[in-house]
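Engineer: quick one: sequence plus predicted model below, questions after.
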Amino acid sequence: MPDNTIGTDAPTDAAAFQERAAHYEALVETMETRAETVKRGGGEKKIQKQHDRGKLTARERIAYLLDDPEQFRELGLFAGYEMYEDEGGCPAGGTVMGFGPVSGRECLVVANDATVKAGAWFPITAKKNLRAQEIALENHVPIIYLVDSAGVYLPMQDKIFPDKDDFGRIFRNNAKLSSEGIPQIAAIMGSCVAGGAYLPIMSDEAVIVEGTGSVFLAGPYLVKAAIGEDVEAEELGGATTHTEISGVADYKAEDDEDALDTVRSLVDHHGPVERFGYAQGESTEPAYPAEELYGLYPSKGNEQYDMREILARIIDAGSWTEYKEGYGRTLLTGYARIDGWNVGVVANQRAVVRNKTNHDSKGEIQVGGVIYGDAADKGARFVMNCNQKEIPIIFFQDVTGFMVGKRAEHSGIIKDGAKMVNAVSNSTVPKLTVVVGNSYGAGNYAMCGRAYDPRLVLAWPTAKIAVMGGTQASKVLKQIKVRQLEKQGKELSEEDEEELLSTIQDRYEEQTTPYYAAARLWVDALIDPVDTRDWLSRGLDVVDHNPTLERFNPGVIQT
């Protein structure tokens, strides 16, 4: 019988373990503090203004709508983080988004935050809403829009309006969702102006709140300017107009709570929940406490650790079956269960390992966190196996890239890497990605980064996403700058070069923080490592909602 155990007892009494744990706990505390600031949206005055108008805030609306607010899993919380400081900021991209249970059914909820620039759409707002629709399309979960928006943020209209993945794509996706039979419900709980009016009305059903909800292509001021007509907002596009005269909206609500009660009732009247049927057995807790992850992950990015110890605190105890354990050892591949769900696991191994090559008993020392040719070959084959078995794949990223140098190039590292990228690209089973640490260069691609359609991308506070590590990139950029100055007849002293390197490195490091990645939606959520198992379990449940997934065709992938 194979040995299905993984991991060992953590050295919790060791000074190094405790130092690592303290370091990581501080990172988590910083993340949680920043998250609380973001969740306040436009601030207490704007929140009070909402309440004075008899309106709930976006987060209060979601909490009221869900069966259990504690089950809400927010996506894109740090969208727009520190991106629009000149515009006064755009906390959470002016939108609250995530999935949670409504009338016993998993739904995706998107709520405009009217405390942030009256809910106006920034470029990142459009990107975040598109991501929400993408999740609904991929997973066949109903999507609920809680609309309260002043429309496009006009000072940045050129960055929001015209392109393929800009504002207009939202309405195209409305149509696509409906054509796929994926329910869309909109509650119009505030302004809904101009092009933004199409979003709720292209939904399958629309509820509008009397007195505060309004829908029109042009507001009273624009109507006056365009055709000289004087008309009040309520008469032009209020609840009575659209439920009794135009028929644009389907249900009239007295207030926010009434509107949300109506939405809950509509979801309750949906048909059966169809599923693909991914295998889920009995759930077993991990062999070791998740809290030990803090002390197991290094406080410095170049330190070694055994990824098996990380996995042992996430997967079900006794469920691990490793694939090609002795081959391509800088990549771990194996079958496991997470909360009972059968999955394949592809994880970078950050420990330095020794691989036997050419029947040499000594073997070759391989650097942890680097994908070598044999590891890429193993990864490609394992991804195909998971597709044939029809089980989702979980990627745990901590990768500095593919191996470089003469020996690697002569052995065909590009070809081997291409095999793995090809396999991941053509994989038809759902993929979920956890960025544990480094995520550099083509390693990001082979390990299912954002460009490779993972259903969910989670990141720990130690995540770093970039084309290469900061030290290497800074040295390359410094050499380029020095040569430019030399061509101009300028010479730098050793001190000047060191100062230049430091400046470049600081700027580069700033661009590799997890907050920089989350602000641009390269990842869906920054999470506490302790919560990884719960997030993956919920994600696996969501992906199982799509009963029409494409089946694997082994002829697509060339090896």
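Structural biologist: Arrived safely.
Engineer: show me what counts as buried in the longest helix along the chain.
Structural biologist: What stands out as the longest helix in the chain, according to DSSP state H, is helix 15-39. Of the residues in helix 15-39, 17, 20, 21, 23, 24, 27, 28, 31, 34, 38, 39 count as buried by neighbour count, 16 or more other C-beta atoms under 10 Å. (C-beta placed from N, C-alpha, C; glycine too.)
Engineer: quick one: contacts for the second one?
Structural biologist: Meaning residue 20. 294, 295, 296, 297, 298, 299 (C-beta atoms under 8 Å, 6 or more residues apart in numbering).
Engineer: please apply the same query to the first one.
Structural biologist: Contacts of residue 17 were listed using C-beta under 8 Å, 6+ apart, and they are 10, 11, 295, 296.
Engineer: ok, the last one next?
Structural biologist: With contacts taken as C-beta under 8 Å, 6+ apart, residue 39 has the following neighbours: 59, 77, 91, 92.
Engineer: in the protein, where is pLDDT below threshold?
Structural biologist: 1-3, 195, 356-363, 468-478, 481-482, 485-486, 492, 496-497, 551-559 (pLDDT under 70).
Engineer: sorry, back to before: mind saving the C-alpha coords of the helix or strand just after the longest helix of the chain as PDB?
Structural biologist: Moving toward the C-terminus from helix 15-39, the next helix or strand (DSSP states H and E) is helix 44-52. What follows is helix 44-52 as a C-alpha-only set of coordinates in PDB (Å, rounded to 0.1, in the frame of the first residue of the first chain):
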ATOM      1  CA  GLU A  44     -17.900  57.900   7.800                       C
ATOM      2  CA  LYS A  45     -19.400  61.100   6.500                       C
ATOM      3  CA  LYS A  46     -20.400  59.500   3.200                       C
ATOM      4  CA  ILE A  47     -21.700  56.500   5.000                       C
ATOM      5  CA  GLN A  48     -23.900  58.700   7.200                       C
ATOM      6  CA  LYS A  49     -25.100  60.500   4.100                       C
ATOM      7  CA  GLN A  50     -26.300  57.200   2.700                       C
ATOM      8  CA  HIS A  51     -28.100  56.500   6.000                       C
ATOM      9  CA  ASP A  52     -29.700  59.900   6.100                       C
END
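Engineer: give me the contact list for helix 44-52.
Structural biologist: Against helix 44-52 from outside (C-beta under 8 Å, 6+ apart): 40, 41, 56, 57, 114, 115, 116.
Engineer: next step: the residues you listed restricted to strands.
Structural biologist: Among those, no member falls in strands (criterion: DSSP state E).
Engineer: ok, and the most crowded of those?
Structural biologist: residue 114 (28 neighbours; other C-beta atoms under 10 Å).
Engineer: now it. Nearest residue, chain neighbours left out?
Structural biologist: Nearest non-adjacent residue to residue 114, counting by C-beta to C-beta, 6 or more residues apart in numbering: residue 148, 4.4 Å away.
Engineer: doesn't residue 110 make contact with the one you found?
Structural biologist: No: between residue 148 and residue 110 there is no contact under C-beta atoms under 8 Å: 11.2 Å.
Engineer: more neighbours: which of these two?
Structural biologist: Remark: of residue 148 and residue 110, residue 148 carries more neighbours, 28 against 25, as counted by other C-beta under 10 Å.
Engineer: the helices in the stretch 401-550 of the chain, which residues?
Structural biologist: 406-410, 413-426, 441-446, 470-487, 494-510, 514-519, 532-543 (DSSP state H, counting those that start in this stretch).
Engineer: which among the contacts of helix 44-52 gets closest to residue 498?
Structural biologist: Of all the contacts of helix 44-52, residue 498 sits closest to residue 40, with 41.5 Å by C-beta to C-beta.
Engineer: name the member of the contacts of residue 39 with the most neighbours.
Structural biologist: Ranking the contacts of residue 39 using other C-beta under 10 Å puts residue 92 first, with 26 neighbours.
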